[in-house]
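Undergrad: task: produce atomic coordinates for the following.
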Amino acid sequence: MTRKPLPSWLRLGLLALLVGAIFYGSAVAYLFVNQRRYLYYPDPRPQVIDPDDPAIQAVTLKTPDGETLVAWYLPPSDPDQPVMLFFNGNGNGLATQEGRWRRIAEHGAGFFAVGYRGYSGSTGKPTETGLRIDAETAWRWLAARYPADRIVIHGFSLGTGLAIKVAAEHPARALILEAPYASVVELAEKQVSWAPVGLLMQDRYESRRWAGRVTMPVLIAHGDRDGVIPISQGRTLFGLIASRHKRFLPMRGSDHATLVRDGLYDQVWPFLAQMAP
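TA: Residues are numbered from 1 along each chain as shown. Predicted structure coming up:
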């Protein structure tokens, strides 16, 4: 019995489905293989290791997994002021935060900021696991020199996911989260809705996992015009934080990277003064 050939319209339809499936599969595969290129943005130019300000010291750290990290350290000039353990954003090197360092120094406070692996002259390549090791290494260095009530853990953008885990596991005077997220996976799912992002992502930064363990005072600041991490993410995380001493600061008209310029530290210092031991 001779089998009838498929109608031409059906053959064309099946071919279109096959081509579409190939393109979709290729796009998903490309996204999976290159996902870290879209999450981390180390400056490809030669990295600045030594700060221009002679008051800021360049410190070298060794991680347990063998990487060498560059960190910048400014001791507080006022013994009553804290030292900030600062975790940066995904596109920021140590040398790009001059305005932040200046505001901290002018207040008499200090900071210790680690250059993640692959950033600011540090060795290695960034991954969530690696950056968490970097954050823990930075904590141990600073905690060996200052009591917990002098340390303020402060994260910006990507760094908020590192800061909240450190705050969940170690004591400090307070936690400052600047433009934070509840989950990087949730952000990516909204931006790349056509792909199964939840299954693909290797570096997930689920801050919501740690929020219920944070009991120290917390200040969350978020711009209401943030085009990178919507303010709704900051509000979600705020609701999950266990601390009874927490404040959410919506900054009117501020975008993702303008909070410092728009007066963040004018709000930080009074908050920390209220939480002084």
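
Undergrad: for the stretch 1-150 of the chain, which segments count as helices?
TA: Secondary structure of the stretch 1-150 of the chain (DSSP state H, counting those that start in this stretch): helices located at 8-33, 35-39, 98-106, 128-143.

Undergrad: buried ones in the third one, by neighbour count?
TA: Translated: helix 98-106. 100, 101, 103, 104, 105 (16 or more other C-beta atoms under 10 Å). Yep, even glycine has a C-beta here, placed from its N, CA and C like the rest.

Undergrad: got a list of contacts for that helix?
TA: The set of residues external to helix 98-106 that reach it, using C-beta atoms under 8 Å, 6 or more residues apart in numbering, is 53, 55-56, 72, 74, 77, 84, 86, 110-111, 260-261, 265.

Undergrad: mind listing which of those are in strands?
TA: Judged by DSSP state E, the contacts of helix 98-106 include 72, 74, 84, 86, 110, 111 as members of strands.

Undergrad: ok, what's across the strand from the first one?
TA: So that's residue 72. Counting by DSSP bridges, residue 72 is bridged to residue 58, residue 113.

Undergrad: same check, this time on the third one
TA: Beta-bridge partners recorded for residue 84 (DSSP bridges): residue 111, residue 152.

Undergrad: confidence score at it?
TA: Residue 84 is assigned a predicted lDDT (pLDDT) of 98.

Undergrad: so it makes contact with residue 114?
TA: No. Taking contact to mean C-beta atoms under 8 Å, the distance of 11.7 Å between residue 84 and residue 114 leaves them out of contact.

Undergrad: between these two, which is the more surrounded one?
TA: Neighbours were counted for residue 84 and for residue 114 using other C-beta atoms under 10 Å; residue 114 has more, 31 against 24.

Undergrad: nearest residue to that one in space, ignoring adjacent ones along the chain?
TA: With sequence-adjacent residues excluded and distances taken as C-beta to C-beta, 6 or more residues apart in numbering, residue 114 is closest to residue 138, at 4.0 Å.

Undergrad: what's near enough to touch residue 142?
TA: Remark: with contacts taken as C-beta under 8 Å, 6+ apart, residue 142 is in contact with 83, 85, 112, 151.

Undergrad: most neighbours among those, please name it.
TA: Counting by other C-beta under 10 Å, residue 85 has the largest number of neighbours within the contacts of residue 142, with 29 neighbours.

Undergrad: for that residue, which residues are in contact?
TA: Residue 85 makes contact with 111, 112, 138, 139, 142, 151, 152, 153, 154, 163, 166, 172 under the criterion C-beta under 8 Å, 6+ apart.

Undergrad: noted, bye for now.
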